[in-house]
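Asker: have a look at this prediction, sequence included:
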Amino acid sequence: MFLRNHWYVAAWDHEVGRTLVARTVLGEKIVLYRREDGSAVALNDACCHRKLPLSMGRIIGDRIECGYHGMTYDGDGRCVRIPGQERIPDKARVKSYPVHERWGWVFVWMGEAERADPALLPEIPEFGAPGWGINRGPVMHIESHQSWVIDNLLDPSHTTFVHPTTLGVPEGADVPITVREEAGSIAAVKWTLDLPPAGLFKKFGSYAGNVDRWQIYAFHLPSLVIVDLGAADSGSGAQESRGTNRIAMRSFNFVTPETDTTSLYHWFQIRNFAPDDEAVSEGITATFTQAFEEDLVILKAVHAAQAAGTEANLDIASDAAPMRVRRMLKKLIDQERTPAGAAA
């Protein structure tokens with residue numbers, strides 16, 4: 001089960017153009033394209049006649065023509081032409097989805113269309129601000145249920161063992177994680193003080209010795225994890241938002257459930273250093289791609305083991321934030337599934 005009355009990332013903006021793009025979101029087949037004015041359209045990817053995917057058809061102006069019998073749909077999903085038939089039945093239509101674009105992502109609203117509200121997405125004041133650079137990663141296909149991916153993204157402890165050359169350091173394995181909850185966000189927070197810099201910061205920082213480093217993994221509905229991470233010279237004031245050789249990054253990670261067994265992963269980072277240096281952008285993308293590919297191996301194996309297992313999991317201290325998120329999502333999903341006014 002998934003939360004439906006929220007925005008989900010269906011694609012990067014550059015993926016959606018004047019060709020038909022097929023996606024699966026929350027188990028529903030969707031076709032995406034752009035009208036001639038550049039606005040994005042999302043429709044159910046099945047002709048109402050014989051259910052041939054509309055993504056196998058073609059775009060004509062602002063409309064999609066089905067590749068089977070030529071039935072043609074406008075951007076609202078209404079059938080406007082049936083070849084050889086003058087009357088078009090009212091029920092000749094396909095579902096359309098509200099679309100919103102932000103941060104280079106094309107979002108679709110999977111629930112009740114009248115409730116679609118862009119204000120539900122969090123604000124990112126640094127995005128596009130002077131002095132902040134950006135790098136974007138490839139779309140990754142994950143052979144895992146969304147819940148295991150979110151667990152991973154809210155878990156600073158695994159970086160020591162899964163990403164020892166990029167995001168983790170062995171000396172930080174026993175540093176405790178705290179959990180904070182505010183404004184609907186649940187975050188796992190880890191500070192590693194006076195320890196060697198992780199590979200990412202060693203590569204892009206100017207550190208002669210140890211650093212004070214922060215990792216703040218914050219979950220936002222329905223499946224966005226914003227990771228605030230950075231470092232500064234040890235003892236120079238990192239915990240007071242100061243510090244010499246201070247570099248800061250924010251990593252945006254959106255997990256879009258395809259099905260109960262697969263997810264799509266869209267991500268990018270913004271940074272407060274070398275904002276216009278393409279080589280730095282490429283280097284950061286390469287570093288995170290390496291780390292996330294390491295996660296894909298772990299998540300595939302975890303999903304398979306969970307699907308096959310019969311014994312309950314043992315939760316440990318580092319699971320505190322993920323477990324809070326699981327409880328919150330279950331509560332919200334149960335509320336969606338309970339009709340208004342129905343007995344609890």
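Answerer: That came in fine, so what should we check first? The structure displayed is predicted, hence computed values, not measured ones.
Asker: make it CA atoms for all contacts and neighbour counts henceforth
Answerer: Fine.
Asker: what does the pLDDT read for A344?
Answerer: Reported pLDDT at A344 in the predicted model: 46.
Asker: again with T338
Answerer: 85.
Asker: that one: neighbouring residues, count only.
Answerer: 12 (other CA atoms under 10 Å).
Asker: tell me how far it lies from K331.
Answerer: In this view, T338 and K331 are 11 Å apart by CA to CA, to the nearest Å.
Asker: and D233, by the same measure?
Answerer: 43 Å.
Asker: those two: which has the busier surroundings?
Answerer: D233 (27 against 12).
Asker: partners of the more buried one in the sheet?
Answerer: Going by DSSP bridges, D233 is paired in beta bridges with V211.
Asker: that one: what's it in contact with?
Answerer: Y207, G209, N210, V211, D212, G243, T244, N245, R246 (CA atoms under 8 Å, 6 or more residues apart in numbering).
Asker: how about the helices in the chain?
Answerer: For the chain, the helices defined by DSSP state H cover 146-153, 159-162, 199-204, 278-308, 320-337.
Asker: that older thread, ok, the contacts of D233 vs V149, which is closest?
Answerer: D212 (27.4 Å; CA to CA).
Asker: need the contact list for that closest one.
Answerer: D212 neighbours (CA under 8 Å, 6+ apart): W191, T192, L193, D194, L195, A231, A232, D233, S234, G235, A238.
Asker: dump these to a markdown table, plus pLDDT.
Answerer: Converted to a markdown table, the contacts of D212 look like this (pLDDT from 0 to 100):
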| residue | pLDDT |
| --- | --- |
| W191 | 96 |
| T192 | 95 |
| L193 | 96 |
| D194 | 97 |
| L195 | 96 |
| A231 | 97 |
| A232 | 97 |
| D233 | 97 |
| S234 | 97 |
| G235 | 96 |
| A238 | 96 |
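Asker: and these, which of them are buried?
Answerer: By neighbour count, with 16 or more other CA atoms under 10 Å, the contacts of D212 hold W191, T192, L193, L195, A231, A232, D233, S234, A238 as buried.
Asker: any chance of JSON lines for the residues you listed, columns distance to C79?
Answerer: As requested, the buried ones among the contacts of D212 are exported to JSON lines (distance: CA to CA, whole Å):
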{"residue": "W191", "distance to C79": "57"}
{"residue": "T192", "distance to C79": "59"}
{"residue": "L193", "distance to C79": "62"}
{"residue": "L195", "distance to C79": "63"}
{"residue": "A231", "distance to C79": "56"}
{"residue": "A232", "distance to C79": "59"}
{"residue": "D233", "distance to C79": "63"}
{"residue": "S234", "distance to C79": "64"}
{"residue": "A238", "distance to C79": "59"}
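Asker: closest one to G172 out of those residues, please.
Answerer: T192 (6.2 Å).
Asker: looking at the residue most central in space within the chain now. What's its pLDDT?
Answerer: Geometric centre of the chain, nearest residue: F254, 0.7 Å, by CA atoms, centre = their mean. F254 carries a pLDDT value of 98.
Asker: residue contacts, it?
Answerer: Counted by CA under 8 Å, 6+ apart, F254 has contacts V9, S223, L224, V225, Y265, H266, W267.
Asker: between the residues you listed, which is closest to V169?
Answerer: Nearest to V169 among the contacts of F254, with distances taken as CA to CA, is V225, at 21.8 Å.
Asker: quick one: neighbours of the nearest residue to that closest one once chain neighbours are set aside, just the number.
Answerer: Closest residue to V225 apart from its sequence neighbours, by CA to CA, 6 or more residues apart in numbering: F219 at 4.5 Å. The local packing of F219 (other CA under 10 Å) involves 25 other residues.
Asker: tell me how far F219 lies from N253.
Answerer: F219 is 10 Å from N253, by CA to CA.
Asker: buried ones in stretch 251-260, by neighbour count?
Answerer: Quick answer for stretch 251-260 (16+ other CA under 10 Å): S251, F252, N253, F254, V255, T256, P257, E258, T259.
Asker: can you put the residues you listed in a markdown table and add distance to I59?
Answerer: Below are the buried residues of stretch 251-260 laid out as a markdown table (distance: CA to CA, whole Å):
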| residue | distance to I59 |
| --- | --- |
| S251 | 36 |
| F252 | 33 |
| N253 | 32 |
| F254 | 29 |
| V255 | 29 |
| T256 | 26 |
| P257 | 27 |
| E258 | 25 |
| T259 | 27 |
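Asker: identify the farthest-apart pair in these.
Answerer: S251 and T259 (24.6 Å).
Asker: what residues are up against S263?
Answerer: Taking CA under 8 Å, 6+ apart as the test, what S263 contacts is H141, I142, E143, S144, H145, Q146, V255, T256, P257.
Asker: what comes up buried for stretch 38-58?
Answerer: For stretch 38-58, the neighbour count (16+ other CA under 10 Å) marks 40-48, 52-58 as buried.
Asker: stretch 232-250 now?
Answerer: 232-234, 236, 238, 243-250.
Asker: same check, this time on stretch 328-336
Answerer: Within stretch 328-336, the residues scored as buried using 16+ other CA under 10 Å are L329, I333.
Asker: give me the pLDDT for the closest residue to K95 other than its chain neighbours.
Answerer: Sequence neighbours aside, N44 is the residue nearest to K95 in space, at 5.2 Å (criterion: CA to CA, 6+ apart). pLDDT recorded at N44 is 98.
Asker: now the one 5 residues further on
Answerer: Note on H49: pLDDT of 97.
Asker: can you check E182 too?
Answerer: Confidence at E182, expressed as pLDDT, is 85.
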